[in-house]
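Participant: Here you go, sequence then predicted model.
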Amino acid sequence: MLVAGDPKSNVPQHAWMPLSSGQTAKPRLLVMGLRRSGKSSILNVVFNKMSPNETLFLESTSIMSRNDILSFLDFQLWDFPGNLELGDSTVDPGLLFQQCGALVFVIDAQDEYIGALRRLYEVIILAHRLNSTITFEVFIHKIDGLSDEHKIDTQRDIYQRLHDELAESNVHDVHLSFHLTSIYDHSIFEAFSKVIQKLIPQLPTLENLLNMLCSNTNVEKVFLFDTASKIYIATDSSPVDMQSYELCSDMIDVVMDISSIYARTQHAKATPSGYLSLQPPSTNGGSSNGRAQASSNAAVLEAAANGMARDPGLAIVEDDESHATIRLNNGQALYLRQVNQHLVLVSLLRDDSFERQGLIHYNFGCISEALNMVLMPESPATAAPHQLHI
Ligand SMILES: Nc1nc2c(ncn2[C@@H]2O[C@H](COP(=O)(O)OP(=O)(O)OP(=O)(O)O)[C@@H](O)[C@H]2O)c(=O)[nH]1
């Protein structure tokens, strides 16, 4: 196997690191699938902020590569090239599967998928034998080219064939999930969110905290997002509807754009994995006029939350108390609150809830503290949280 790159080295943003034999024991997420199924495109769009159109120019991956995700969740993404066979002498199935938390298998739904199913079946049998805790996440991918009816039929057919084959081989206790995905809409972020959530042991506690926030603050929906990838790592227990998710996710882009103009001091530079690292404030940095305060204090933006460009090179806001509000023209509002360097809370609530704005700020502050305590209990910044007010 090949040598891992230093995540802090000065590599281009879209570069993926080859593998080394001296891996650290981070939780691992393995991405597999046949050639040209869309693996590298997915990883680059979600974790490197590549635009979907740019993926047309991606070259075929010929060697296994890994990307260290420097986020709230410290994990490794491994991209297993489609041309490599499991029986290849360079592949060590023990190394590959034993530390693997989740295995994402990408199937090109626009292509003939019988070959992909055969490969998936082989992978499941081998991986499950070596590590029965792996969750298998099947991405039925490139659904942008399919009608709604065709999508459902494809998913049903893939599920049935795989289920029958596994049952015939007497393999029953496999954790298997299916997701319909495309890099051309939010479905790929939604699917990755669900995959990552299964790797977070504190998920039930995070969900409880978000439920408390909703019931005490009249919040209709709240998501805890990883800022850089826009994967949501938790949400309250009300059902996720795609429109609310898209609005909340787009708000991160809007606030990033506004921050890129008005943020006072903290410019961030993208790490090789596409993640943001904040630089310390410069002594004379930033705008001297009052506009500079807008992004770090209450930025009230009467803006449509759609179609804004994103800028991966800038921090979203500047401190852990930063927040922003966008009032929509349908009586709803979006409220964003930074939790820490990697995470933000984005919520959808009724506009009239802002009559008690102080309460909203206070309660979001309490939940942010509690979230930090749950996710980073050793951090000195996480003192005991205050009580929620109703
Ligand atoms: N229509 C559509 N095309 C996609 C999607 N995702 C990826 N593609 C295209 O599929 C082609 C192959 O994508 P890659 O990401 O290179 O595929 P890969 O699985 O990494 O291929 P190997 O490196 O050969 O294993 C590219 O032209 C992408 O633009 C999608 O969601 N929809």
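Facilitator: Perfect, thanks for sending it.
Participant: From Leu209, how far out is the closest residue to Asn363 other than its chain neighbours?
Facilitator: Leaving aside its sequence neighbours, Asn363 sits nearest to Thr217 (Cβ to Cβ, 6 or more residues apart in numbering; 4.7 Å). C-beta coordinates here come from the backbone N, C-alpha and C atoms, glycine included. Distance of Thr217 to Leu209, given as Cβ to Cβ, to the nearest Å: 12 Å.
Participant: Could you do Leu162 as well?
Facilitator: For Leu162, the distance to Leu209 - Cβ to Cβ - is 36 Å.
Participant: Which stretches in this protein count as helices?
Facilitator: For the chain, the helices defined by DSSP state H cover 39-47, 93-98, 114-130, 148-168, 187-197, 203-217, 242-262, 293-296, 357-375.
Participant: near the ligand, which residues of the stretch 51-200 of the chain?
Facilitator: Taking Cβ under 6 Å from any ligand atom as the criterion, the stretch 51-200 of the chain approaches the ligand at residues 55-56, 58, 60-61, 81-82, 141-142, 144-145, 182-184.
Participant: could I get the residues you listed as CSV with neighbour count and pLDDT?
Facilitator: Below are these laid out as CSV (neighbours: other Cβ atoms under 10 Å; pLDDT from 0 to 100):
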residue, neighbour count, pLDDT
Thr55, 16, 92
Leu56, 7, 91
Leu58, 15, 87
Ser60, 10, 81
Thr61, 18, 77
Pro81, 16, 82
Gly82, 21, 75
His141, 29, 95
Lys142, 22, 94
Asp144, 15, 93
Gly145, 12, 81
Ser182, 23, 95
Ile183, 21, 95
Tyr184, 15, 94
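Participant: between these, which is closest to Glu122?
Facilitator: Gly82 (13.6 Å; Cβ to Cβ).
Participant: That closest one against Leu34, yeah?
Facilitator: Yes - here Gly82 reaches Leu34: they are 4.8 Å apart, a contact under Cβ atoms under 8 Å.
Participant: what's the most buried one of the helices of the chain?
Facilitator: When these are scored by mean count of other Cβ atoms under 10 Å, the highest mean neighbour count falls to helix 39-47 (a mean of 23).
Participant: Off-centre distance for that helix?
Facilitator: In this view, helix 39-47 has its centroid 11 Å away from the chain centroid, taken as Cα atoms, centre = their mean, to the nearest Å.
Participant: How about stretch 35-45?
Facilitator: With Cα atoms, centre = their mean, you get 15 Å for stretch 35-45.
Participant: again, but for stretch 219-228
Facilitator: 11 Å.
Participant: List the contacts of the residue nearest to Asn363.
Facilitator: Leu349, Ser353, Leu359, Ile360, Asn363, Phe364, Leu388 (Cβ atoms under 8 Å, 6 or more residues apart in numbering).
Participant: Check Glu207 too.
Facilitator: Ala234, Thr235, Asp236, Ser237.
Participant: Please repeat the previous calculation with a cut-off of 10 Å.
Facilitator: Gln197, Leu224, Ala234, Thr235, Asp236, Ser237 (Cβ atoms under 10 Å, 6 or more residues apart in numbering).
Participant: What pLDDT does the model give it?
Facilitator: Listed pLDDT for Glu207 reads 94.
Participant: can you tell me which of the helices of the chain the model trusts least?
Facilitator: helix 293-296 (a mean of 36).
Participant: Please name the nearest non-neighbouring residue to the spatially most central residue of the chain.
Facilitator: The centre of the chain sits closest to Ile231, judged by Cα atoms, centre = their mean, with a distance of 2.3 Å. Excluding the flanking residues, the one nearest Ile231 by Cβ to Cβ, 6+ apart is Ser193, at 4.7 Å.
Participant: Done for today, thanks.
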